[in-house]
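**Q** One predicted model, sequence on top.
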Number of protein chains: 2
Amino acid sequence: MEEIDRAIVAALTADGRLSYTDLAERVGLSVSAVHQRVRRLEQRGVIKGYGARVSYEAIELPLSAFIAIRPLDPSQPDDAPDRLSHLPEIDSCYSVAGEDFYMLLVRVASPAELERLLQQIRTAANVTTRTTVVLSTPYEGRPPRITSSSGG
Amino acid sequence: MEEIDRAIVAALTADGRLSYTDLAERVGLSVSAVHQRVRRLEQRGVIKGYGARVSYEAIELPLSAFIAIRPLDPSQPDDAPDRLSHLPEIDSCYSVAGEDFYMLLVRVASPAELERLLQQIRTAANVTTRTTVVLSTPYEGRPPRITSSSGG
DNA sequence: ACTGAAATGTAGAACGC
DNA sequence: GCGTTCTACATTTCAGT
């Protein structure tokens, strides 16, 4: 990816509602050129979408947890992500190296809901679960550093 | 939170660039009423901000990992999140129950960068680390279900 | 691939209800 | 707290280079 596209992506990850006018000023191009580039970034899948960052406490989902899962029968075809995708409490599903097969990040309203969700996950995907409750979130979803070379 | 505010938040988590005009149609209010409500949601911190969702592969950060950390000296004051917040590779920092103190989600360009980052984390926060590499991400950052009652 | 400009649509504020 | 109106600004498209 090239310099100006990186600047555009960096600006939009930090503020997804920036106008094309503001964006154009920042990167030093005309509004229509920036617009064109954003459309291309969206079409190429570099930008996958836009979202509001919300307070999960405020929307009454104050309890987050990581759930590591492992199939009861590792010889079965492994389609756990598909079997779980209908559960809206699951924020994210990562396939991981190590002892477990997947790591889920979930958001629920209460311990009782977490218990119910764990049962649903176990039966829907035929897995065992190991749950790590989140006590607080010092920070989350920070905008990535978008680099020219791979330097750190 | 009340019905219409929930609808607004749900719509904006799914598409953070929705215009107030579109939003107004969906929730059945005038544009100015919706605008007012969004401003209040932002001021109350229900909506914390807006961001583009990007492909981490496309921005040359193809390697994600979870890093569980634990202080070497648990009697010391615990300010690991502050000591680590300057590292842009850290996407999120969660304080967790269980054997570990914090769980980090990090994004790097390569295994070599992950190794360097782990060293930085260990020395900056005086912690041991246990790293779980992400192999793939079936889904991530899905919009939450925004509920009226607490039903699942 | 960028610029400039024209037409349409949206944001943001003032005012009354 | 909502709706209406109005002005300024932003988005989007298109012709030109």
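**A** That came through fine.
**Q** Tell me where chain A has helices.
**A** Per DSSP state H, chain A carries helices over the ranges A:3-14, A:20-27, A:31-43, A:80-84, A:111-125.
**Q** For those, give me a markdown table that also has distance to chain B, mean pLDDT and mean neighbour count.
**A** Every C-beta, even on glycine, is put in place using the N, C-alpha and C of the backbone. A markdown table is the format used below for the helices of chain A (distance: least, C-beta to the nearest C-beta, whole Å; pLDDT from 0 to 100; neighbours: other C-beta atoms under 10 Å in any protein chain shown):
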| stretch | distance to chain B | mean pLDDT | mean neighbour count |
| --- | --- | --- | --- |
| helix A:3-14 | 4 | 97 | 19 |
| helix A:20-27 | 11 | 96 | 16 |
| helix A:31-43 | 9 | 97 | 15 |
| helix A:80-84 | 4 | 98 | 18 |
| helix A:111-125 | 6 | 98 | 16 |
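**Q** Relative to A:P144, which of those is closest?
**A** Closest to A:P144 of the helices of chain A is helix A:3-14 (C-beta to C-beta; 6.6 Å).
**Q** What lies in contact with that closest one?
**A** Here helix A:3-14 makes contact (C-beta atoms under 8 Å, 6 or more residues apart in numbering or on different chains) with A:1, A:18, A:23, A:26-29, A:34, A:37-38, A:41, A:46-47, A:50, A:143-144, A:146-148, B:51-52, B:54, B:59.
**Q** do that again at 10 Å, thanks
**A** Here helix A:3-14 makes contact (C-beta atoms under 10 Å, 6 or more residues apart in numbering or on different chains) with A:1, A:18, A:20, A:22-24, A:26-29, A:33-34, A:37-38, A:40-41, A:44, A:46-47, A:50, A:141-148, B:16-17, B:49-55, B:58-60.
**Q** A:R53 contacts A:T137, correct?
**A** No. Applying C-beta atoms under 10 Å, one finds A:R53 not in contact with A:T137, separated by 11.8 Å.
**Q** Let me know the distance separating A:L117 from A:D91.
**A** 12 Å (C-beta to C-beta, to the nearest Å).
**Q** intersection of neighbour lists for these two?
**A** Counting by C-beta under 10 Å, 6+ apart, the contacts common to A:L117 and A:D91 are A:L104, A:V106, A:R107.
**Q** Closest to A:N126 out of the residues you listed?
**A** The closest of the shared contacts of A:L117 and A:D91 to A:N126 turns out to be A:L104 (C-beta to C-beta; 14.9 Å).
**Q** And the pLDDT for that closest one?
**A** For A:L104, the pLDDT comes out at 98.
**Q** now do A:P77
**A** Here the pLDDT value assigned to A:P77 is 87.
**Q** what's it in contact with, if anything?
**A** A:P77 is in contact with A:P71, counting by C-beta under 10 Å, 6+ apart.
**Q** Which strands border the top strand by length along chain A, and is each parallel or antiparallel?
**A** Ranked by residue count, the top strand of chain A under DSSP state E comes out as strand A:127-139. Note on strand A:127-139: by DSSP bridges, its sheet partners are strand A:63-71 (antiparallel), strand B:90-96 (antiparallel).
**Q** wait, which of those strands is closest to B:T132?
**A** Ranking the strands paired with strand A:127-139 by their distance to B:T132 (criterion: C-beta to C-beta) puts strand A:63-71 first, at 8.5 Å.
**Q** Quick check: mean pLDDT of that closest one?
**A** The model assigns strand A:63-71 a mean pLDDT of 98.
**Q** returning to that earlier point: mind checking which of the contacts of helix A:3-14 are buried?
**A** Listed as buried from these are A:1, A:18, A:20, A:23-24, A:27, A:29, A:34, A:37-38, A:41, A:46-47, A:50, A:141-147, B:16-17, B:49-54, B:58-60; burial here means 16 or more other C-beta atoms under 10 Å in any protein chain shown.
**Q** which ones among those residues are found in strands?
**A** Using DSSP E, the members of the buried ones among the contacts of helix A:3-14 that fall within strands are A:I47, A:Y50, B:G49, B:Y50, B:G51, B:A52, B:R53, B:V54.
**Q** Do I have it right that the third one meets A:R142?
**A** Spelled out, that is B:G49. No. In terms of C-beta under 10 Å, B:G49 does not count as a neighbour of A:R142; the distance is 11.0 Å.
**Q** residues contacting A:C93?
**A** A:67, A:69, A:80-82, A:84-85, A:87, A:102-106, B:136-140, B:142.
**Q** Could you check the pLDDT of it?
**A** At A:C93, pLDDT is 98.
**Q** Excluding chain neighbours, what is closest to A:Q76?
**A** A:N126 (7.0 Å; C-beta to C-beta, 6 or more residues apart in numbering or on different chains).
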